[in-house]
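Q: This is a predicted model, with the sequence first.
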Amino acid sequence: MFMQRVIQTLSRWYNLESRDLPWRQTTDAYCIWISEIILQQTRVVQGVGYYNRFVMELPNIQSLANAEEGDVLKLWQGLGYYSRARNLHYAAKQVMTEFGGVFPSTYKDILRLRGVGNYTAAAIASFAFGEKVPAIDGNVKRVGARFFGLHAPIHTIGFQKELFSLLFDLMDGADPNVFNQAMIEVGATLCLPTQPKCDVCPLAEACIARLQNLQKQIPVVAKKQKPKNKYFYYVDIEVGGERVLVRREGDGIWQQLYEFPMIEGDGPDWDLETVAKGLGIVENFVVKGEQSFKHQLTHQTIYARCWYLCISSDKFVLNDGWERLNEADFLLKPIHRLMEKMIKFT
Ligand code: ADE
């Protein structure tokens, strides 16, 4: 009975106090899926613009499945982690071939889509189809750990299984959509990592961490590993009014995005001579400038240096994979965040 009342308080709070967000106005699984993948990558405030643009340009699964990869990457530009955008594209094709063009409607089936993990499948299944399955993202882990007073480190499988089962039971009799959205909302707006707003929290009267004054001790979070340093050397070559770009291949970061010709170094002090030689540039060039950049990714810190070169020889031969592009074509290519920084400088 007591828990039933807490859930009612939570639902009432959600209906009165939650933020009005565009993906909460729809039960279209496609739109909800797009919003969830975007929100894995950015905060709500920035996510709204990306979401609106995305569903405006590609309003349904068919349009995404039929889009060019470059156009999908362009809509994603600036969000980072481009494999998420490529996975979206792939999964849309999967829906067309494996599900006859109809978005799968159960947690189990949604999980089969590329790039969709437990949290996202649960979010879509509950928001779009009302399935009873807890959606546990990083914020909900914190809310759940505090609410139930769980002391296991939140990244462990043991913690995740226990929380799943406790939330599943708690959802009994609740509207799964409202329950999951409300837990996400509590995590995002009230149950903050360092300064939780317990005095206005709808879960407060039953929250173990609050009742035992353990908000600082719970959740238990393991220490993060230190990011690795990388050293990227770029040349921005201007030749005959055009610029040289290369599409990044391989299985590392930024696959299929365009960038200036580059070479990775083993330390921070490579000079232009070494870099030009490494890239096989034999023509004479004029150096117009250079700049260094520090670019932080989740697991690596990139120290990049870019030289702005001008080559006047018409004999300039492009290396394998290099493309000469005029400004209009250049601007159409999907590029990564570090490239945006480097281009602003030139
Ligand atoms: N973060 C992830 N999913 C969300 C949602 N549906 N609403 C608000 N923030 C979110």
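A: Received the coordinates, thanks. Just so it is clear, the structure is predicted and the values come from calculations on it, not from any experiment. Numbering: from 1, shown residues only.

Q: so K333 makes contact with V244?
A: No. Using Cβ atoms under 8 Å, K333 makes no contact with V244, being 11.8 Å away. Glycine gets a C-beta too; all of them are placed from N, C-alpha and C.

Q: Compare those two (neighbour count), which wins?
A: More neighbours surround V244 than the other of K333 and V244, with 22 against 18 (other Cβ atoms under 10 Å).

Q: rewinding a little: quickly list what's touching both of K333 and V244.
A: L325 (Cβ atoms under 8 Å, 6 or more residues apart in numbering).

Q: what does the chain put close to the ligand?
A: L21, W23, E36, L39, V44, D137, Q181, I184, A188 (Cβ under 6 Å from any ligand atom).

Q: Report pLDDT for N66.
A: As predicted, N66 sits at a pLDDT of 98.

Q: What of T346?
A: T346 is given a pLDDT of 55.

Q: Ramachandran coordinates for Y231?
A: The phi and psi torsions at Y231 (degrees, to the nearest 10) take the values phi -130, psi 110.

Q: wait, it sits on I263?
A: No. The criterion here is Cβ under 8 Å, and Y231 misses it with I263 at 9.5 Å.

Q: Can you work out which other helices and strands pack against the host helix or strand of I37?
A: If you go by DSSP states H and E, I37 is part of helix 29-39. With contacts taken as 3 or more Cβ pairs under 8 Å, 6 or more residues apart in numbering; DSSP states H and E, helix 29-39 sits against helix 44-57, helix 83-98, helix 118-129.

Q: Let me see the mean pLDDT of it.
A: 98.

Q: Residues contacting that helix, please?
A: Contacts for helix 29-39 (Cβ under 8 Å, 6+ apart): 22-23, 26, 47, 50-51, 54-55, 60-61, 64, 79, 84, 87-88, 103-105, 110, 113, 115-116, 119-120, 123-124, 127-129.

Q: just stretch 273-287 next, same as before
A: 233, 235, 237, 261-263, 265, 272, 307-313, 315-316, 319.

Q: do that again at 7 Å, thanks
A: 233, 235, 261, 263, 272, 307, 309-311, 313, 315-316, 319 (Cβ atoms under 7 Å, 6 or more residues apart in numbering).

Q: For ChimeraX, what selects the buried ones among these?
A: Buried subset of those, written as a ChimeraX selection, criterion 16 or more other Cβ atoms under 10 Å:
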select :233,235,261,263,272,307,309,311,316
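
Q: What about the closest residue to the ligand within the stretch 151-300 of the chain, how many residues nearby?
A: The ligand sits closest to I184 of the stretch 151-300 of the chain, with a gap of 5.0 Å, by Cβ to the nearest ligand atom. Using other Cβ under 10 Å, I184 is surrounded by 22 other residues.

Q: what packs against the one helix or strand it maps to?
A: Using DSSP H and E, I184 maps to helix 176-189. Packing partners of helix 176-189 (3 or more Cβ pairs under 7 Å, 6 or more residues apart in numbering; DSSP states H and E): helix 2-17, helix 118-129, helix 138-148.
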